[in-house]
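In: Take a look and give me a structure for this.
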Amino acid sequence: MSKKNVAVVMGGYSDEYKVSLKSGQLIFDSLDRELYDVYKVIILKDEWYLLDEKDKKRFINKADFSVNLGDGDILNFDVCFNIIHGTPGENGIMQAYWDAIGQKYTGCDFYQSALTFNKKDTLAVLSKYGIPSAKSIYLRNGEQVSDDEIVEKLGLPLFVKPNQSGSSLGISKVKDKNELKNAIEFAYKEDDEILIESALNGMEVSVGVLDYKGEVIVLGITEIVPDKEFFDYEAKYEGASQEITPARIDEETRKKVEEISIKAYKSLGMSGFSRSEFIIVDGIPHLLEMNTNPGFSPASILPQQAKIYGISIKDLCGNEVEKALNK
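Out: Numbering: from 1, shown residues only. Below is the predicted model of the structure:
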């Protein structure tokens, strides 16, 4: 049996590319070398390239995602392991491109990626399946809603967020009506569409869900205890929060969180890794967002959950590759 060529595709066009490189390194290190020949592929705005073992760049031919190794030797990949966070790997752009050239890849399809990258649309679709979320107002740049109207509908405190889901950039917690204008401007720097949500008062949990060996499983429920007001970029990536796995919740609440997480995953027709953020209010989980390509560096939540669940990173990653090969 000849080994399959696997490209671990990392990087991206957003500020999250640094985290993606760490995630990609962990997957690169973890894949079983007896089954796969593994390559590092870096996707950046200005260049797409394979980084060989001598740290030499070999450029990707975008016509078919192949690499010319010289001497007429062309490398094609059996599977791309997509671990780009943010655009273009988490919002459907890479998936649509790979579909167009007939390249197999891990994770969900372009539609699920594009949908879940849009917080408003995800919450709207999932509300049809009875999955609760915060009260919200949605604005496009240029639309006017008075501060009074916003506060009257949502109360204070509230959150202002860019609608496209990235790394918690551009989010503000507003406690006073006078802070609204600045918060809205701050969010518009990241996106032309914003979401203003009522603040849910409860425990925040992060839930890893994936299809593993033919069934959808909850990998773990992690409680997020921010040292600051909320789980922002700094808390997420620079350790300014405690993450407690498993979350300190009673059995009944745990079952509810698991059920609703699996329901959300299945309702959207997801596949591959996902991480959903909920706030539990009076025992009811309210969905904030779903990430289809969550952080996978050693410090990230998903690998921590896998450890506790007893699935090795090697098996977790191998399972993704095998699913992609069988697509």
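In: CA only for contacts and neighbour counts going forward, please
Out: Noted.
In: This protein - how does it break down into domains?
Out: The record's domain parsing of the chain by automatic domain parsing lists 4-106, 115-132+201-292, 136-198.
In: Could I get the ones you listed in JSON lines, plus columns for mean neighbour count and mean pLDDT?
Out: Below are these laid out as JSON lines (neighbours: other C-alpha atoms under 10 Å; pLDDT from 0 to 100):
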{"stretch": "domain 4-106", "mean neighbour count": "19", "mean pLDDT": "96"}
{"stretch": "domain 115-132+201-292", "mean neighbour count": "19", "mean pLDDT": "90"}
{"stretch": "domain 136-198", "mean neighbour count": "18", "mean pLDDT": "92"}
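In: Centroid-wise, who is the farthest residue in this protein?
Out: Asp71 (39.2 Å; C-alpha atoms, centre = their mean).
In: Need the phi and psi values for that residue.
Out: Dihedral pair for Asp71: phi 50, psi 40, per degrees, to the nearest 10.
In: just the strands in the stretch 151-300 of the chain please.
Out: Counting by DSSP state E, counting those that start in this stretch, the stretch 151-300 of the chain has these strands, from start to end: 158-162, 172-174, 193-198, 203-212, 215-226, 241-244, 274-281, 284-291.
In: From the rest of the structure, what touches the helix or strand that the last one is followed by?
Out: Along the chain past strand 284-291, the next helix or strand (assigned with DSSP states H and E) turns out to be helix 301-309. When contacts are defined by C-alpha atoms under 8 Å, 6 or more residues apart in numbering, helix 301-309 is touched by residues 206, 208, 219-222, 243, 245-246, 275, 294-298, 312-313, 316.
In: Quick one: mean pLDDT for helix 301-309?
Out: For helix 301-309, mean pLDDT is 93.
In: Taking strand 215-226 as reference, get the angle to that helix.
Out: Following axes from the mean of the first three to the mean of the last three C-alpha atoms, to 10 degrees, one obtains 110 degrees for the angle between helix 301-309 and strand 215-226.
In: starting at the chain centroid, how far to helix 301-309?
Out: Relative to its parent chain, helix 301-309 has a centroid offset of 15 Å by C-alpha atoms, centre = their mean, to the nearest Å.
In: about what we covered before: okay, the domains of the chain in a markdown table with distance to Ile308 next?
Out: Putting the domains of the chain into a markdown table (distance: least, C-alpha to C-alpha, whole Å) gives the following:
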| stretch | distance to Ile308 |
| --- | --- |
| domain 4-106 | 17 |
| domain 115-132+201-292 | 8 |
| domain 136-198 | 25 |
